[in-house]
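Student: Sequence plus the predicted model coming up.
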Amino acid sequence: MENEGVTQEEVAGTRPDAGAHPARWLLLVALFGGNVALAIGPWFVRIADTGPVAAGFWRLFLALPFMVVLARANGQRLTGIPARTLALVALGAVTFALDLASWHIGIAMTRIGNATLFGNAGSIVLLFWGFLVARTLPGRLEALAIVFALTGAAILMGRSLEISHETLVGDLFSVAAGLLYAVYLLTLQNARGAFGSWSLLVWVSIFGAPVLLGIALLLGEPVWPQAWGPVIGLFVLSQLVGQGLMVFALRYFPPLVVGLALLTQPAVASIYGWLAFGEVLSPLDIVGMLLVGAALAVSRAKS
C-alpha cells in the first residue's frame, strides 16, 4: 500500500533525463510489482504468530540495516542533519508508527481488501485538506471523487456491520490509519528536502520501531516469533521489495498512473483474502470498492 512511507515527493529531484529511461515494460513491471508486493504484506500480518502491532515492529526493525545499505548505495546522507529537522522527523515517525499499528490491527479484524483500501485513504484526506487550506470549493471532478469516497466507504462499512461488529471496528482502525498517514505526510512535507527516500525511511524506522514495540507490549501482544517466516516475509516484501520497486518506479510516472496502479493493491488483497481466508465479496462490496478506488485515483492525480 501507499501506507509505506514512500511518496512521489520523496523522489522529487531525482527524476532522470528522458534519454536515461529504462525500458517501458520494465518500469511497468516495477510499478505493478511494487504494488503487488505491498498488497501481500497483510497476508503475513494475518498469519504471524506475533501480535499485529509486534509484526509492524519486526517489519521496520529487520529491514533497518538493509535500508541503511540502500541509502549508502544511493549516495544519501544519514548524518549531519540539523537537530530541528530530526526532531520533526521523529514526530512524523511517531505518527507513522501509530498509522502502522492502527492498520495492522485493522488487518487482523476486518476483510483484507477493506483494510488495504481504507489504509490507502490518506490521499483522499489530503484532497480534503487542500481545499480547507486554500479555502476553496472543490471542482467538479474533485467533488465527484469526494462523493464516490463517502458513498463507497458507507457501502463497505455497512456490509462490514452486517458481518459483525468486530469487522466494522476493523474498518474504522483502517480508516484511522489512512488519516494518520495523511498527518505523517503533512508533518514531513518541509523536512523531505534534507533526505533521500531511503535515508528518510531509515530515520523513520529508527524512531518508529521503538514506538511500535512499546504499543505491542502495552497491548500484551506476543512479540518474539516462534515461526520467523511470516515476519521475514513481511519485511522482505513490504519494506524491501515493495519499497524498492516503488522508489524506482515513482520517478517515471505521473500521479494519475500511480493512482491507477495503486488500485492493484485492494484487488490483489481481495483475491487472496477470498482464496486463503474465505472472505467473500458481494456485488455490492465490489461497487463500494470501485467507488473508493475511483476516488483514490482522482485524489492521487490531483496531488
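Tutor: Cool, the structure landed. Residues are numbered from 1 along each chain as shown.

Student: contacts, neighbours, all on C-alpha from now
Tutor: Will do.

Student: right, and Leu156 touches Val292 too?
Tutor: No. Shown here, Leu156 and Val292 do not form a contact pair, counting by CA atoms under 8 Å, at 9.4 Å.

Student: so where's the stretch 201-303 of the chain uncertain?
Tutor: 256, 302-303 (pLDDT under 70).

Student: on contacts alone, who are the packing partners of the helix ranked longest in the chain?
Tutor: Taking DSSP state H as the criterion, the chain has its longest helix at helix 83-109. Contact partners of helix 83-109 among helices and strands, from 3 or more CA pairs under 8 Å, 6 or more residues apart in numbering; DSSP states H and E: helix 24-47, helix 52-73, helix 112-119, helix 165-188, helix 197-218.

Student: how far does it sit from the chain's center?
Tutor: Relative to the chain's own centre, helix 83-109 is displaced by 11 Å; criterion: CA atoms, centre = their mean, to the nearest Å.

Student: what comes up buried for that helix?
Tutor: By neighbour count with 16 or more other CA atoms under 10 Å, helix 83-109 contains the buried residues 85-86, 89-109.

Student: Report the angle between that helix and helix 112-119.
Tutor: Here the directions of helix 83-109 and helix 112-119 differ by 150 degrees (axes from the mean of the first three to the mean of the last three CA atoms, to 10 degrees).

Student: out of Leu156 and Val292, which sits in the more crowded spot?
Tutor: Shown here are Leu156 and Val292; by other CA atoms under 10 Å, Val292 has more neighbours (30 against 23).

Student: Apart from its chain neighbours, what residue comes closest to that one?
Tutor: Counting by CA to CA, 6 or more residues apart in numbering, Ala149 is the residue found nearest to Val292 once chain neighbours are left out, at 4.5 Å.

Student: from memory that neighbour sits against Ala295, does it?
Tutor: Yes. Applying CA under 8 Å as the test, Ala149 and Ala295 come out as touching, 5.4 Å apart.

Student: any shared contact partners between the two?
Tutor: Taking CA atoms under 8 Å, 6 or more residues apart in numbering as the criterion, Ala149 and Ala295 both touch Ile124.

Student: higher neighbour count, the two?
Tutor: Applying other CA under 10 Å to Ala149 and Ala295 shows that Ala295 carries more neighbours, namely 28 against 24.

Student: Check the contact between the more buried one and Phe148; I expect there is one.
Tutor: Yes. Ala295 lies in contact with Phe148 (CA under 8 Å); the separation is 5.9 Å.

Student: that older thread, between the helix or strand hosting the residue nearest to Val292 and helix 112-119, how big is the angle?
Tutor: Secondary structure from DSSP states H and E places Ala149 in helix 140-163. Per the same axes, to 10 degrees, the angle that helix 140-163 makes with helix 112-119 is 140 degrees.

Student: which other helices and strands contact helix 140-163?
Tutor: Secondary-structure packing of helix 140-163 (3+ CA pairs under 8 Å, 6+ apart): helix 122-134, helix 165-188, helix 283-301.

Student: can you do 7 Å?
Tutor: For helix 140-163, the elements it packs on are helix 165-188, helix 283-301, judged by 3 or more CA pairs under 7 Å, 6 or more residues apart in numbering; DSSP states H and E.

Student: what comes into contact with the last one?
Tutor: By that I understand helix 283-301. For helix 283-301, the surrounding residues in contact (CA atoms under 7 Å, 6 or more residues apart in numbering) are 121, 123-124, 127, 145-146, 148-149, 152-153, 155-156, 255-256, 259-260, 263.

Student: Can you verify my assumption that Asp99 contacts Leu180?
Tutor: Yes. Taking CA atoms under 7 Å as the definition, Asp99 is a contact partner of Leu180 at 5.1 Å.

Student: burial count for the nearest residue to Leu141 once chain neighbours are set aside?
Tutor: Spatial nearest neighbour of Leu141, chain neighbours left out: Val298 (7.7 Å); criterion: CA to CA, 6+ apart. By the criterion of other CA under 10 Å, Val298 has 23 neighbours.

Student: mind listing what Phe207 touches?
Tutor: Residues in contact with Phe207 (CA under 7 Å, 6+ apart) are 90, 93-94.

Student: of those, closest to Ala23?
Tutor: Nearest to Ala23 out of these is Ala93 (CA to CA; 35.0 Å).

Student: Do I have it right that the closest one meets Gly208?
Tutor: Yes. If you go by CA under 7 Å, Ala93 and Gly208 touch, sitting 5.0 Å apart.

Student: For Pro266, give me its contacts.
Tutor: Going by CA under 7 Å, 6+ apart, Pro266 touches 113, 116-117.

Student: can you do 10 Å?
Tutor: Going by CA atoms under 10 Å, 6 or more residues apart in numbering, Pro266 touches 1, 35-36, 39-40, 112-120, 273, 289-290, 293.

Student: Also Phe32?
Tutor: Contacts for Phe32 (CA under 10 Å, 6+ apart) come out as 38, 242, 245-246, 249, 258, 260-265.
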